[in-house]
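In: take this sequence and fold it.
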Amino acid sequence: MVMNLLRERYRVDLVELQAACEANYARLLRLLPDMRAAQGERRVALSQGDQLLGVLVLQVLEACPYTTTLQVRQEHSLQWLPVPKLEVRVYHDARMAEVVRAENARRFRSIYSYPNAAMHQPDEKTQLNLFLGEWLSHCMACGHELASVR
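Out: Alright, predicted model coming up:
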């Protein structure tokens with residue numbers, strides 16, 4: 001019996017990717033409802049009891065009539081925890097938000113051959129958008145408005 005040793009090529013699940021982007025749009029709209037008009041940022045504290053675990057920062061980088069570009073990052077995190085920093089393009093007409101930059105990588109392809117020089121996963125774009133969704137959901141569940149320091 002001959003076993004097929006070739007893996008089936010990864011195919012983009014467009015429905016899953018679009019659903020993740022639509023859900024991210026809804027989450028971002030709840031966290032930053034005036035992002036279309038805003039030139040600034042919103043800070044959401046993440047804590048457990050009395051311990052501050054980090055601060056989610058949503059910063060508007062560019063606001064255009066149909067799109068907004070945001071930087072989503074975490075500050076004041078635990079020392080041993082890598083600090084995520086994503087750039088997200090929000091498409092208001094399509095009601096979708098997608099990750100366009102993570103750390104120093106930008107403009108992700110839908111599919112990567114594997115292995116590749118940058119060691120991207122075949123579904124890197126989908127994974128980043130799912131991560132953004134999980135991160136924003138966690139922040140909405142555990143976050144609170146950061147009190148102003150005067």
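
In: which pLDDT value belongs to the residue nearest the centre of the chain?
Out: Centroid check for the chain by CA atoms, centre = their mean gives Leu132 as the closest residue, at 3.0 Å. pLDDT recorded at Leu132 is 96.

In: need the three-state assignment for it.
Out: Three-state call for Leu132 (DSSP: H, G, I helix; E, B strand; the rest coil): helix.

In: quick one: the strands in this protein?
Out: Using DSSP state E, the strands of the chain run over 41-48, 51-63, 67-75, 85-91, 96-102, 105-106, 143-145.

In: looking at the chain, which helix or strand is least sure?
Out: strand 105-106 (a mean of 60; mean pLDDT, DSSP states H and E).

In: ok so, going back, let's have the strands of the chain in CSV, adding distance to Met35.
Out: Bear in mind the C-beta positions are built from the backbone N, C-alpha and C, glycine included. Shown next, in CSV, are these (distance: least, CB to CB, whole Å):
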stretch, distance to Met35
strand 41-48, 9
strand 51-63, 6
strand 67-75, 5
strand 85-91, 7
strand 96-102, 10
strand 105-106, 20
strand 143-145, 16
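
In: ok, and which of the ones you listed has the densest surroundings?
Out: Highest mean neighbour count among the strands of the chain (mean count of other CB atoms under 10 Å): strand 96-102, with a mean of 21.

In: kindly export it (C-alpha atoms) in CSV.
Out: Coordinates of the C-alpha atoms in strand 96-102 are reproduced here as CSV (Å, rounded to 0.1, in the frame of the first residue of the first chain):
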residue,chain,number,x,y,z
MET,A,96,-14.4,45.0,8.3
ALA,A,97,-11.1,45.5,10.1
GLU,A,98,-7.9,43.5,9.1
VAL,A,99,-4.4,43.4,10.4
VAL,A,100,-2.0,44.9,7.9
ARG,A,101,1.1,45.0,10.0
ALA,A,102,2.5,43.0,12.9
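
In: which residues touch that strand?
Out: Outside strand 96-102, the residues that touch it by CB atoms under 8 Å, 6 or more residues apart in numbering are 18, 21-22, 24-25, 28, 69-70, 84-91, 106-108, 125, 128-129, 131-132.

In: sounds good, over and out.
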